[in-house]
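1. no letters, just coordinates:
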């Protein structure tokens, strides 16, 4: 009876030790962030501020998720190594405390960002951020101005085409009229012109003497 109770006490002690150890591992990582929801505009920069604390050198990984899209932004160990994916290599700035800077924002950057901190022992902890990206007003105005300019050029080309077609139509009508005029109009008028141009000798003295 006493042996059974002794084994029960030992089992409880081992269980408590394991539980405390696991709690210690879980509590060895902490992620603090002053703001989890961020709003920026296109072409601006955003700074995901975190403060990671761990018992050893942690592995920090940032992941982007939006709908069905999920991709790794970068993974690094403070003071040891840094690996930023090619899509973000020119826009991401990693920091030793786990923070991350993202420059030249685009509309497709809006979504959910997760930072995962992992220790060599295998324990990990993560935190999420929501980023909203707004369009800039002047981009809409620029788009409208370019569209208006394109429409104005198109209207000018149409007016020029109509003017050229009108001139061509008038020339064709005049040419057809000239072709329909009878060719003998000029020849019929020629004898009359000759008669009018010849002098009349009926009433002259020379005509009377003859």
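-> Looks like it arrived, so ask away. Given the structure is predicted, the values throughout are model-derived calculations rather than measurements.
2. my guess is residue 35 contacts residue 49, does it?
-> Yes: with contact defined as Cβ atoms under 8 Å, residue 35 reaches residue 49; the gap is 6.9 Å. To be clear about C-beta, it is placed using only N, CA and C from the backbone, and glycine gets the same treatment.
3. which one's more surrounded, those two?
-> residue 49 (17 against 9; other Cβ atoms under 10 Å).
4. can you point me to the longest strand in the protein?
-> When every strand of the chain is counted residue by residue (DSSP state E), the longest turns out to be strand 124-134.
5. gap between that one and the chain center?
-> The chain centroid and the centroid of strand 124-134 are separated by 23 Å under Cα atoms, centre = their mean, to the nearest Å.
6. can you list the strands that it pairs with?
-> If you go by DSSP bridges, strand 124-134 pairs up with strand 37-41 (parallel), strand 111-118 (antiparallel).
7. mind checking the pLDDT average for the last one?
-> Averaging pLDDT along strand 111-118 gives 96.
8. need the contact partners of the longest strand of the chain.
-> Contacts to strand 124-134, defined as Cβ atoms under 8 Å, 6 or more residues apart in numbering, come from residues 26, 29-31, 33, 36-42, 46, 48, 50, 105-107, 109-118.
9. now that strand: buried residues?
-> Within strand 124-134, the residues that qualify as buried by neighbour count (16 or more other Cβ atoms under 10 Å) are 125, 127, 129, 131, 133.
10. do a quick rundown of the helices in the protein.
-> Here the chain has its helices, by DSSP state H, at 2-27, 137-180, 185-197, 205-209.
11. and the longest one, how far from the chain's centre?
-> Pointing back at helix 137-180 there. Counting by Cα atoms, centre = their mean, helix 137-180 is centred 32 Å from the centre of its parent chain.
12. what angle sits between that helix and strand 37-41?
-> Orientation of helix 137-180 against strand 37-41 (axes from the mean of the first three to the mean of the last three Cα atoms, to 10 degrees) gives an angle of 40 degrees.
13. just to revisit the earlier point, out of the contacts of strand 124-134, which are buried?
-> Buried members of those, scored by 16+ other Cβ under 10 Å, are 29, 31, 33, 38, 40, 46, 48, 50, 105, 109-111, 113, 115-118.
14. neighbours of residue 181, how many?
-> With other Cβ under 10 Å as criterion, residue 181 counts 8.
15. over to residue 97?
-> For residue 97, the tally of surrounding residues (other Cβ under 10 Å) stands at 13.
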